[in-house]
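Visitor: coords please:
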Amino acid sequence: MPQMAPLWWEILFIMFIAMFLLTNMVIYYNKQMNPNFNIESKSYKINQFKWKW
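Guide: Model (predicted):
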């Protein structure tokens, strides 16, 4: 199995960093334009199971 050239690893790393920054910018500006937008607004029901031994 041939190994990936170091230049390709660098390009892949740069692409992942660019996607990460772009995603964060979209979320940030979406919150600025729409203050009601909240990722944490979903309330998760925590199932508290009491163990009986």
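Visitor: show me the contacts for Leu21.
Guide: Contact analysis of Leu21 by Cβ atoms under 8 Å, 6 or more residues apart in numbering lists nothing. In this view, the C-beta of every residue, glycine as well, is placed from N, C-alpha and C.
Visitor: pLDDT below threshold where in this protein?
Guide: 1-2, 34-47, 53 (pLDDT under 70).
Visitor: Give me the secondary structure label for Gln48.
Guide: coil (DSSP: H, G, I helix; E, B strand; the rest coil).
Visitor: if I look at it, how far off is Met4?
Guide: Here the criterion is Cβ to Cβ, to the nearest Å. By it, Gln48 lies 47 Å from Met4.
Visitor: who has more neighbours, these two?
Guide: Neighbour tally, Gln48 and Met4, criterion other Cβ atoms under 10 Å: the higher count belongs to Met4, 8 against 5.
Visitor: secondary structure class for the more buried one?
Guide: Using three-state DSSP, the three-state assignment for Met4 comes out as coil.
Visitor: how many neighbours does Lys31 have?
Guide: 13.
Visitor: Glu10 too?
Guide: 10.
Visitor: Let me know the secondary structure of it.
Guide: Applying three-state DSSP: Glu10 is helix.
Visitor: Check Thr23 too.
Guide: helix.
Visitor: do you know how far it is from Ile17?
Guide: 11 Å.
Visitor: again with Gln3
Guide: 22 Å.
Visitor: the more surrounded of those two?
Guide: Ile17 (10 against 7).
Visitor: quick one, phi psi at the more buried one?
Guide: Per-residue torsions, Ile17: phi -60, psi -40 (degrees, to the nearest 10).
Visitor: what sits against it?
Guide: Applying Cβ under 8 Å, 6+ apart, no residues qualify as near Ile17.
Visitor: how close does Leu21 sit to Ile27?
Guide: Taken as Cβ to Cβ, the span from Leu21 to Ile27 is 11 Å.
Visitor: All set now, cheers.
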